[in-house]
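Undergrad: Coordinates only, no sequence provided:
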């Protein structure tokens, strides 16, 4: 009996990729519906969402606007809940990555004062935990640059936080120039 030493790389297999794409879309729909129905998050779906979302920076090409809206709903729900530091950090990272990588999300997302209050952005922007604070600042600065209707006052009324955001924007500009 002969044994083949050929390994099959599933990442290049079109059927495997299509299955992953469909799994990601199905996971997004299931998690969004779970959140709508229970106002809570099924940990198993959340973990699958993180696993699949962490391996990309855009939604699948065949994702519908409903999938995009579900994605935004999931991120908002996770950030609005009283979740762990790790979940908050991972969610902020995924959201920022996808906002930067997928123009469909940026076009469908409308940041508002209510959104920033709901996701506890002031708490994140002033967190003593540097990773969380840095990601929150980067998210807000990205949104300020890319959402014409958004202003510092949508994020916070605290002038100290405004100054911190403006300083971060200035630093980002100088880093981009250099």
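TA: Happy to help now that I have it. Only a predicted model underlies this, so the values are computations on that prediction, with no experimental measurement involved. Residues are numbered from 1 along each chain as shown.
Undergrad: What residues of stretch 126-145 count as buried?
TA: For stretch 126-145, the neighbour count (16 or more other C-beta atoms under 10 Å) marks 127, 132-133, 135-144 as buried. (C-beta placed from N, C-alpha, C; glycine too.)
Undergrad: can I get these in TSV with pLDDT and distance to residue 106?
TA: Below are the buried residues of stretch 126-145 laid out as TSV (pLDDT from 0 to 100; distance: C-beta to C-beta, whole Å):
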residue	pLDDT	distance to residue 106
127	87	25
132	93	22
133	90	23
135	93	17
136	92	18
137	89	18
138	92	15
139	91	12
140	90	14
141	88	14
142	91	9
143	90	9
144	85	13
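Undergrad: Of these, which belong to strands?
TA: Judged by DSSP state E, strands contain none of the buried residues of stretch 126-145.
Undergrad: closest to residue 48 among these?
TA: Closest approach between these and residue 48, by C-beta to C-beta: residue 135, at 22.2 Å.
Undergrad: my guess is the closest one meets residue 92, correct?
TA: Yes: Residue 135 lies in contact with residue 92 (C-beta atoms under 8 Å); the separation is 4.4 Å.
Undergrad: what is in contact with these two at once?
TA: Residues touching both residue 135 and residue 92 (C-beta atoms under 8 Å, 6 or more residues apart in numbering): residue 124.
Undergrad: which stretches of the protein form strands?
TA: Going by DSSP E, the chain shows no strands.
Undergrad: Centroid-nearest residue for it?
TA: The structure's the chain has its C-alpha centroid closest to residue 95; by C-alpha atoms, centre = their mean the separation is 1.2 Å.
Undergrad: residues contacting that one?
TA: Residue 95 touches 75, 79, 139, counting by C-beta under 8 Å, 6+ apart.
Undergrad: 7 Å instead, please
TA: 75, 139 (C-beta atoms under 7 Å, 6 or more residues apart in numbering).
Undergrad: Please report the distance of it from residue 21.
TA: Using C-beta to C-beta, to the nearest Å, residue 95 is found at 20 Å from residue 21.
Undergrad: How about residue 100?
TA: As judged by C-beta to C-beta, residue 100 and residue 21 stand 20 Å apart.
Undergrad: Same check on residue 132?
TA: Taking C-beta to C-beta, one finds residue 132 at 31 Å from residue 21.
Undergrad: Repeat that for residue 117.
TA: The value you get for residue 117 to residue 21, if C-beta to C-beta is used, is 34 Å.
Undergrad: between these two, which one's more packed in?
TA: Set side by side, residue 117 and residue 21 show more neighbours around residue 21, with 17 against 14, by other C-beta atoms under 10 Å.
Undergrad: can you give me the helices for the protein?
TA: Secondary structure of the chain (DSSP state H): helices at 14-38, 43-54, 65-80, 85-101, 103-108, 113-118, 121-125, 130-146, 152-155, 159-177.
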